[in-house]
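J.: Let me see the structure of the following:
(2 chains)
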Amino acid sequence: MGHGLFSLFFRFLQRGFFLGASVGCSVRAILCEQLGLDEKYVLQRITTIFLDGKPVDDIDSAIVRDGGTLSLSAAMPGLVGAAMRRGGALASLRSSITVREDDASEHRGVGVIQLKLFNMVMQELGPQFLRKGITVKASELIDFFQGQQETFWNEVSSMALNGAPIGRRMMTDGTFVSSGDWIMLSLASPVPHDCP
Amino acid sequence: MGASDGPKISETALGEYVALGGRGMTSAIVSKEVPPLCHPLGPENKLVIAPGLLSGSSAVASGRISVGCKSPLTGGIKESNAGGQAGLMLARLGYAAIVIEGKPKTDDLYKIFINRDGVKISVDNNLKMLPNYDLVDKMKAEFGNKIACISIGPAGEMKLSAASVAITDMELRPTRHAGRGGTGAVMGSKGVKVIVVDAAGTTFRQPKDQAKFTAANAAFSEGLKKHPVTGEALPKYGTNVLTNILSESGGYPTYNFKVGAFADASKISGETLAEVELKRGSIATHGCHMGCAIQCSGIYVDKDGHYITKQPEYETVWAHGGNCGICDLDAIAKIDFLDDNFGLDTIEMGATIAVAMEAGLAKFGDAQAAIDLVTEVGKGTHLGRILGSGAAVTAKAFGIEHAPVVKGQAMPAYDPRAVQGIGVTYATSPMGADHTAGYAVATNILKVGGYLDPLKPEGQIELSRNLQIATAAVDATGMCLFIAFALLDQPETFQALIDMINAFYGLSLTAEDVAGLGKNILKMERDFNTRAGFGAAQDRLPRYFYREPVPPHNVVFTVKDEDLDKVFNW
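T.: Residues are numbered from 1 along each chain as shown, chains lettered A, B, ... in the order given. Presented below is the predicted three-dimensional model:
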């Protein structure tokens, strides 16, 4: 599909998508070792991180466990937005909800985590995750396709399910999958996108 | 307004009010000249409208205006702040403040016109009960389209405690509001419907040292542009970029502060809002006043591209969205328009509607019911008058304990149980529950009260104190408070702000002097409130915040009363 359509799928990144990971390790290990994000980008750009809804100050001691949710954002406005910043001067304003690890040692295993991308981080990292593939609820994907106009479908050159071509009708009436299922969605476009 | 022969105009030199602007000016005049025990809607109250110390100059982001009085909502001192064009125009005309005092003897409605030739006050009863948009159209037809308007809608004429004062933006729409605390009701009690400002023929106010000012302004502007908050997040997504963040943190008050996360947050987030605006052919990057270098606003249109309202702010999307369980951006935008048109504080109205929903007047999530309730306020029905009097009155009328208010003013979009530091500010600010009273201005650079370890749970009291001091200082300059983020991170940008003030006025202020200005403002405000009968008991959150944990983190407010009482020990 046209690269310009990628942003339409960003809603899945905001809501959260799933991926398999080696869990029981630090936030830094997940982001840099496993997801391959540049360390400089992580440290300088992803200045607001939540782990299971709690603000993270130390990406080396915060441990991501099986079933965990990691949410990534750039620097945010407002007193409270500034308070959520990783290791920020105002972090004490939200000390009651900050991530605190009783045991920061790593115990790695295989699991699934949820990742959410917000604001500029969503813009910048979104395309690479969409190309690699994200796992979302089939029902949400069907809703998405049902809400698209003709202009969207005109930009889609082909669709495939498990490697086999699939038509628009099956995507919009959802007969290709049970609504309770999960589906791996990945996008391709002819324009390569440079990722951080 | 109550002079025996009809409204009387007088102009006076600044005198003891020299070197004050914005909140510094409004709080100085109110604390010195308004009897603290007066009735807010009576003749002894004063409505003070003041641009900031740098307003009207070529300083970027300097167009804010302050509106001050004794608040009919809180019963204490009030400064309410807005963007729009009026601040810079008044400053260019040479006015440091407009003070409206007394009360007319009849129920005539007045229009005030200010230009280079002076001030005229005239009766215009044809304006009675006009909503703000219709009113501004009439003023454009009469005075042209190079004006700015400061006005009240029907809510202000009805003297409702949630009534705002509207300021027109660059498109001459009444979209910016001095919303908090019922300032619109005070303007209505003075019989003033609109102040029309025409700055034609004026130029920028000139600094004492032009070369230094220009250099400092350039450095300041560059600092704003290069910072990721002021240079990227705000222009791209607006203040509503906070919705996903707050919901993720468990600090997003939902269903009248019952829980701290909204499952449908992504449907009404800043990211989604910007996408909708751009998809519909509108803009998501827009300034509320000329010279704004941040441009956090936008324009919201319907699916056919027709104007609905300005891009709703985070507080509006929260108040009329998540707090009421509503996840429909079009509905939220419609309510935003109604707030602007009737002249209502969007935060107070959203909090009130949520209380009404808890009381059973409507179901959480019912957008049409929310629209209908706000419409009742605009019509002035009996129910509308209850709702338009704010969340505390509405809760009382319907027997609800859960009124999220401090000093009678509704809390904004941050749950104090999850973010305890904002709870300290809500509790202790002289303004009532207020989220802008405690912004950071390079706290560690100022080193007001010493350096704080950000990872220690202690220090929230000191931090809230320092933030309130710094905010008061910024509010006096006319600068948009969003500059705070760039100042926090970039010492050179904070220095550029001080250099601008010094170059403009020929001073040699230091950071400590700026902090001193903020302290003085807070001292005046606290003193007024004390004389108005406020004590420690008013510097508290409602009891249920100490008792009822908020999911998902299941935390309560734990800051001790004796620590709250130390905030203003300096």
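J.: where along the chain do the strands fall?
T.: By default, I'm working from chain A. Remark: strands assigned in chain A by DSSP state E are A:17-23, A:25-26, A:48-51, A:54-55, A:63-64, A:69-73, A:109-117, A:134-137, A:160-161, A:164-165, A:182-185.
J.: sorry, should have said chain B
T.: Using DSSP E, strands in chain B cover B:46-51, B:65-70, B:77-82, B:98-101, B:110-115, B:118-123, B:148-151, B:165-167, B:176-178, B:192-197, B:299-301, B:307-310, B:405-406, B:409-410.
J.: closest to chain A out of those strands?
T.: strand B:77-82 (14.5 Å; CB to the nearest CB). Any C-beta I mention is one placed from the backbone N, CA and C, and that applies to glycine too.
J.: and B:Gln409, what does it touch?
T.: Counting by CB atoms under 8 Å, 6 or more residues apart in numbering or on different chains, B:Gln409 makes contact with B:Ser71, B:Leu73, B:Thr74, B:Arg180, B:Gly181, B:Glu348, B:Gly390, B:Met431, B:Gly432, B:Ala433, B:Asp434.
J.: Oh, that last question was meant for B:Thr230, not what I typed.
T.: A:Pro77, B:Leu224, B:Ala293, B:Ile294, B:Phe482, B:Ile483, B:Phe485, B:Ala486.
J.: So out of everything in the stretch 401-550 of chain B, what residue is nearest chain A?
T.: B:Gly421 (2.6 Å).
J.: Grab the nearest non-local neighbour of that residue.
T.: A:Leu93 (2.6 Å; CB to CB, 6 or more residues apart in numbering or on different chains).
J.: go on, B:Gly223?
T.: B:Thr493 (3.0 Å).
J.: Tell me how many other residues surround that neighbour.
T.: 23 (other CB atoms under 10 Å in any protein chain shown).
J.: How about A:Cys25?
T.: 18.
J.: Show the contacting residues for the residue nearest to it when sequence neighbours are not counted.
T.: Spatially, and ignoring its direct neighbours in sequence, A:Cys25 is nearest to A:Glu106 (4.7 Å; CB to CB, 6+ apart). For A:Glu106, the contact set (CB under 8 Å, 6+ apart) comprises A:Gly24, A:Cys25, A:Ser26, A:Ala29, A:Ile63.
J.: rewinding a little: so for A:Gly2, which of the strands of chain B sits nearest?
T.: strand B:299-301 (24.2 Å; CB to CB).
J.: coming back round to it: what about the contacts of B:Thr230, which are in helices?
T.: Counting by DSSP state H, the contacts of B:Thr230 place B:Leu224, B:Ile483, B:Phe485, B:Ala486 in helices.
J.: Lowest pLDDT pick from those residues?
T.: Among those, B:Phe485 carries the lowest pLDDT, at 74.
J.: Now do the same contact list for the residue nearest to that one when sequence neighbours are not counted.
T.: Excluding the flanking residues, the one nearest B:Phe485 by CB to CB, 6+ apart is B:Val229, at 4.0 Å. Contacts for B:Val229 were tallied using CB under 8 Å, 6+ apart; they are A:Ala75, A:Met76, A:Pro77, A:Gly81, B:Phe482, B:Phe485, B:Ala486.
J.: quick one: the first one from chain B, how far?
T.: To chain B, A:Ala75 is 5 Å away according to CB to the nearest CB, to the nearest Å.
J.: Need the pLDDT of that residue.
T.: At A:Ala75, pLDDT is 89.
J.: my read: it touches A:Gln44, true?
T.: No - between A:Ala75 and A:Gln44 there is no contact under CB atoms under 8 Å: 9.9 Å.
J.: which of those two has more neighbours?
T.: Between A:Ala75 and A:Gln44, A:Ala75 has the larger neighbour count (other CB under 10 Å), namely 26 against 12.
J.: Where do the domain boundaries of chain B fall?
T.: Chain B is divided into the following domains under automatic domain parsing: B:15-197, B:233-410, B:420-564.
J.: so which residue of chain A comes closest to chain B?
T.: Closest point on chain A to chain B, by CB to the nearest CB, is A:Leu93, at 2.6 Å.
J.: Let me know how buried that residue is, in neighbour terms.
T.: Neighbour tally, A:Leu93, other CB under 10 Å: 29.
J.: what mean pLDDT does stretch B:186-205 have?
T.: Mean predicted confidence for stretch B:186-205 is 97.
J.: Tell me how far it lies from the chain's centre.
T.: Relative to its parent chain, stretch B:186-205 has a centroid offset of 18 Å by CA atoms, centre = their mean, to the nearest Å.
J.: what's the longest helix in the chain?
T.: Chain wasn't specified; assuming chain A. helix A:119-132.
J.: To clarify, I was referring to chain B.
T.: helix B:511-531.
J.: Mind listing what's buried along it?
T.: Residues of helix B:511-531 classed as buried by neighbour count (16 or more other CB atoms under 10 Å in any protein chain shown): B:511, B:514-515, B:517-529.
J.: go on, stretch A:124-141?
T.: Neighbour-count burial for stretch A:124-141 flags A:124-127, A:129-131, A:134, A:136-141 (criterion: 16+ other CB under 10 Å).
J.: Just give me how far that stretch sits from the chain centre.
T.: 7 Å.
J.: Please work out the average pLDDT along it.
T.: Averaging pLDDT residue by residue across stretch A:124-141 gives 93.
J.: ok, back up a step: show only the entries of the contacts of B:Gln409 found in helices.
T.: Among these, the ones falling in helices (DSSP H) are B:Glu348.
J.: Most neighbours among the contacts of B:Gln409, which one is it?
T.: B:Gly181 (36 neighbours).
J.: Now do the contacts for the residue nearest to B:Gly250 when sequence neighbours are not counted.
T.: In this structure, B:Gly250 finds its nearest non-sequential neighbour in B:Gly260, 4.0 Å apart by CB to CB, 6+ apart. Residues in contact with B:Gly260, defined by CB under 8 Å, 6+ apart, are B:247, B:249-254, B:415, B:417-418, B:550-553.
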